[in-house]
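S.K.: What would the 3D arrangement of this be:
(chains A and B)
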Amino acid sequence: DTAVSQTPKYLVTQMGNDKSIKCEQNLGHDTMYWYKQDSKKFLKIMFSYNNKELIINETVPNRFSPKSPDKAHLNLHINSLELGDSAVYFCASSQVLAGGTDTQYFGPGTRLTVL
Amino acid sequence: AQSVTQLGSHVSVSEGALVLLRCNYSSSVPPYLFWYVQYPNQGLQLLLKYTSAATLVKGINGFEAEFKKSETSFHLTKPSAHMSDAAEYFCAVIPSGGYQKVTFGTGTKLQVIP
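M.R.: This next block holds a predicted model:
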């Protein structure tokens, strides 16, 4: 049973296209995240949703639009893809506790290549 | 603003030797600290976490880390490296009382030489 799953695992597309990445967690967590890992392995948070509400938006271009239909899903839609969007995108989830100490569980990643 | 620094983007050790991966944080109050491991083409897996309980934290796969407030450090160690430990290791921090906003270090790639 995969705790946090993402589809697709690989995504190759042309510049200017629109694409979506899906994420689902079966851990019963109330908070989900999207991270971007660049070619130098640097991980940066993009968005976070708690109970379907956006709580973190880290100055990501508005071509990126997260959508959370329910607590178990957080999808990432990207419009007008650019070369610089090529990266590995990780979804994660956690259960918020008092003090914010809970562990984030990561999906396997989606490797996006924009040609 | 919080930040975390990992000294050494690449570390090489011989199989059986001590593993030491360094992590320093900057925060006005002691944060919550994590170590994650990423194997090639995989997601991140939690190794261990510090949440203001015991300062010496034991994790999976024989790893442990010690929180030292005076040095603002949270270095990861393992007494004896195994070939399967070769991976990328990330230190991460959440501010105490913060809303899950994790800041990751730049990662340290561990190479284990047979």
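
S.K.: Can you give me the pLDDT of the residue nearest the centre of chain A?
M.R.: In chain A, the residue lying closest to the centroid (Cα atoms, centre = their mean) is A:Trp34, at 2.7 Å. Here the pLDDT value assigned to A:Trp34 is 94.

S.K.: Just the helices from chain B, written as ranges.
M.R.: With helices called from DSSP state H, chain B shows none.

S.K.: What is the least confident helix or strand in chain A?
M.R.: Least confident helix or strand of chain A, by mean pLDDT, DSSP states H and E, is strand A:53-57 with a mean of 81.

S.K.: Could you please name the strands the helix or strand that it is followed by pairs with and the direction of each pair?
M.R.: Under the assignment DSSP states H and E, the closest C-terminal helix or strand after strand A:53-57 is strand A:64-70. Strand A:64-70 sits in its sheet next to strand A:73-78 (antiparallel), going by DSSP bridges.

S.K.: Can you point out the buried residues in stretch A:56-76?
M.R.: A:Ile56, A:Val60, A:Phe64, A:Pro66, A:Ser68, A:Lys71, A:Ala72, A:His73, A:Leu74, A:Asn75, A:Leu76 (16 or more other Cβ atoms under 10 Å in any protein chain shown). From N, CA and C alone the C-beta is placed, and that goes for glycine too.

S.K.: Any stretches of the chain with poor pLDDT?
M.R.: All of this refers to chain A. A:1-2, A:97-101 (pLDDT under 70).

S.K.: ah, I was thinking of chain B
M.R.: Those would be B:1, B:28, B:96-100, if you go by pLDDT under 70 across chain B.

S.K.: Need the residue closest to the centroid of it.
M.R.: B:Trp35 (3.6 Å).

S.K.: wouldn't that one be in contact with B:Arg22 here?
M.R.: No. Using Cβ atoms under 8 Å, B:Trp35 is not in contact with B:Arg22; the gap is 11.3 Å.

S.K.: which residues does the spatially closest residue to A:Thr13 that is not a sequence neighbour contact?
M.R.: Sequence neighbours aside, A:Lys19 is the residue nearest to A:Thr13 in space, at 5.5 Å (criterion: Cβ to Cβ, 6 or more residues apart in numbering or on different chains). Contact analysis of A:Lys19 by Cβ atoms under 8 Å, 6 or more residues apart in numbering or on different chains lists A:Leu11, A:Thr13, A:His77, A:Ile78, A:Leu81, A:Leu112.

S.K.: and the residues you listed as JSON lines, adding neighbour count and distance to B:Gln42?
M.R.: Listed next are those as JSON lines, based on neighbours: other Cβ atoms under 10 Å in any protein chain shown; distance: Cβ to Cβ, whole Å:
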{"residue": "A:Leu11", "neighbour count": "19", "distance to B:Gln42": "17"}
{"residue": "A:Thr13", "neighbour count": "16", "distance to B:Gln42": "23"}
{"residue": "A:His77", "neighbour count": "14", "distance to B:Gln42": "25"}
{"residue": "A:Ile78", "neighbour count": "22", "distance to B:Gln42": "23"}
{"residue": "A:Leu81", "neighbour count": "21", "distance to B:Gln42": "24"}
{"residue": "A:Leu112", "neighbour count": "21", "distance to B:Gln42": "16"}
